[in-house]
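[1] Fold the following, please.
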Amino acid sequence: MMDIVGYSAGALTTIAFLPQVIKAWRTRRTADLSLSMYLTFSVGVALWLVYGILLVSVPIIVANILTLLLTGSILVMQFHGAWQRRRTEPRPPA
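    Next up, the predicted model:
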C-alpha cells in the first residue's frame with residue numbers, strides 16, 4: 001500500500017509539470033517563468049532523488065528522475081532563450 005501511495009504522489013507531482021513543458025515547447029517562450037524558482041525547485045528535486053537512492057525507494061527515485069527531466073527541460077529552454085535574446089540585442093557603440 002505504501003508503494004501505491006508513493007507512485008500515485010510521484011505521478012501526480014510529476015505530471016503537474018507536463019502542461020508547462022508542453023506550452024513552453026510549443027511557444028518557445030519561457031521569459032515569463034521564474035528562473036530562480038525552477039533552479040531552486042530542481043535542486044530540491046535532486047536532493048529528493050538522492051534521498052530516494054539512500055532509502056532505496058523506487059517510487060521516490062522514479063518520480064524525481066522524471067520530474068528532473070521535465071524541470072531540466074524548462075531550464076534548458078530558459079537558458080537558451082536568454083542566450084538568444086542576448087545575441088540579438090543591439091550592442092551600444094564602443
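[2] Could you use CA atoms for every contact and neighbour count after this?
    Fine.
[3] what about the longest helix in the chain?
    helix 58-88 (DSSP state H).
[4] list the buried ones in that helix?
    By 16 or more other CA atoms under 10 Å, the buried positions in helix 58-88 come out as 59-64, 66-68, 70-72, 74-75, 77-78, 81.
[5] Show the contacting residues for residue 21.
    Counting by CA atoms under 8 Å, 6 or more residues apart in numbering, residue 21 touches 70-71, 73-74.
[6] export the residues you listed to JSON lines and tack on pLDDT and distance to residue 50?
    Shown next, in JSON lines, are these (pLDDT from 0 to 100; distance: CA to CA, whole Å):
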{"residue": "70", "pLDDT": "93", "distance to residue 50": "17"}
{"residue": "71", "pLDDT": "92", "distance to residue 50": "17"}
{"residue": "73", "pLDDT": "92", "distance to residue 50": "20"}
{"residue": "74", "pLDDT": "92", "distance to residue 50": "21"}
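[7] List just the nearest of the residues you listed to residue 4.
    residue 70 (22.2 Å; CA to CA).
[8] doesn't residue 18 make contact with that closest one?
    Yes - under the criterion of CA atoms under 8 Å, residue 70 makes contact with residue 18 at 7.0 Å.
[9] In contact with residue 64, which residues?
    Contacts of residue 64 (CA under 8 Å, 6+ apart): 10, 14, 45-46, 48-49.
[10] From the opening residue of stretch 22-40 to its closing one, how far?
    The first and last residues of stretch 22-40 sit 21 Å apart, counting by CA to CA, to the nearest Å.
[11] Now do that stretch: distance to the chain's middle.
    Taking the mean of its C-alpha atoms, stretch 22-40 sits 9 Å from the chain's own mean (CA atoms, centre = their mean, to the nearest Å).
[12] do the same with stretch 80-89
    21 Å.
[13] Distance-wise, check the most centrally placed residue in the chain relative to residue 2.
    Nearest to the geometric centre of the chain sits residue 71, at 0.7 Å (CA atoms, centre = their mean). Separation of residue 71 from residue 2 (CA to CA) stands at 26 Å.
[14] Having no further points to raise, I will conclude here.
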